[in-house]
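S.K.: kindly return the folded structure for what I paste below:
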Amino acid sequence: MTARAPGRHHEDLRRLGEPAGDRGGAGARLPGRDHHEPSILAKEEKADFREHINKIIELVQRYGYDIPLSVEVFSTSPEEMITQAEDFVRYFGHYPKLNVKIPVGWDELAVIRELRLRGISVNCTCCMSYGQAMMAAAPAPTT
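M.R.: Predicted structure coming up:
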């Protein structure tokens, strides 16, 4: 068992969820209670977003959190969403609870289905209707 300073891991994780100019204020984002929106990452110091996500993964693993991590695609093109999702799995697939977050719309339902067929875990932003929710949740066909 590794000794660590009390509360230090919460501080490390909280700092990753705050904009760079707000490192000591209220509104701490604890694991499992918030997710990282692209608008939050846009306020961070400029760096490759993959480095930022890998820092999050490293901290979550270091402190033994067993939580899902959703990384949202930033394209609006269905084909590019699939490519980005595959890239996310290539870059961050070493984290066992990785989910690719897809915004739900009628065109995006095909993206969600394709990713599920490829074995990629998906997290949807929202569902507009019962039918959309059922289509997004439907199991992939097996052969």
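S.K.: list the contacts of the nearest residue to Lys97 once chain neighbours are set aside.
M.R.: Leaving aside its sequence neighbours, Lys97 sits nearest to Pro68 (Cβ to Cβ, 6 or more residues apart in numbering; 4.3 Å). In this view, the C-beta of every residue, glycine as well, is placed from N, C-alpha and C. Contact partners of Pro68, counting by Cβ atoms under 8 Å, 6 or more residues apart in numbering, are 97-99, 123.
S.K.: and the pLDDT for Gly105?
M.R.: Note for Gly105: predicted pLDDT of 84.
S.K.: out of the helices and strands in this protein, which is least certain?
M.R.: helix 8-16 (a mean of 49; mean pLDDT, DSSP states H and E).
S.K.: which residues touch stretch 75-94?
M.R.: For stretch 75-94, using Cβ under 8 Å, 6+ apart, the contacting residues are 50, 53-54, 57, 69, 71, 73-74, 98, 100, 102, 107-108, 110-111, 114-115, 118, 120, 122.
S.K.: now the buried members of the residues you listed.
M.R.: Using 16 or more other Cβ atoms under 10 Å as the burial test, the contacts of stretch 75-94 include 53, 57, 69, 71, 73, 98, 100, 102, 108, 111, 114-115, 120, 122 as buried.
S.K.: using pLDDT, spot the least trustworthy of these.
M.R.: Lowest confidence among the buried ones among the contacts of stretch 75-94: Glu108, with 91.
S.K.: list the contacts for that one?
M.R.: Counted by Cβ under 8 Å, 6+ apart, Glu108 has contacts 78, 81, 102.
S.K.: 6 Å - rerun?
M.R.: Applying Cβ atoms under 6 Å, 6 or more residues apart in numbering to Glu108 gives the contacts Ile102.
S.K.: would you mind writing the CA trace of the helix or strand where it lies as CSV?
M.R.: Using DSSP states H and E, Glu108 sits in helix 106-117. C-alpha atoms of helix 106-117 as CSV (Å, rounded to 0.1, in the frame of the first residue of the first chain):
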residue,chain,number,x,y,z
TRP,A,106,-30.9,11.7,-36.2
ASP,A,107,-27.8,11.4,-38.3
GLU,A,108,-25.7,10.5,-35.3
LEU,A,109,-27.7,7.4,-34.5
ALA,A,110,-26.0,5.7,-37.5
VAL,A,111,-22.6,6.7,-36.0
ILE,A,112,-23.6,5.2,-32.6
ARG,A,113,-24.7,2.0,-34.2
GLU,A,114,-21.5,1.7,-36.3
LEU,A,115,-19.3,2.3,-33.2
ARG,A,116,-21.2,-0.3,-31.3
LEU,A,117,-20.7,-2.8,-34.2
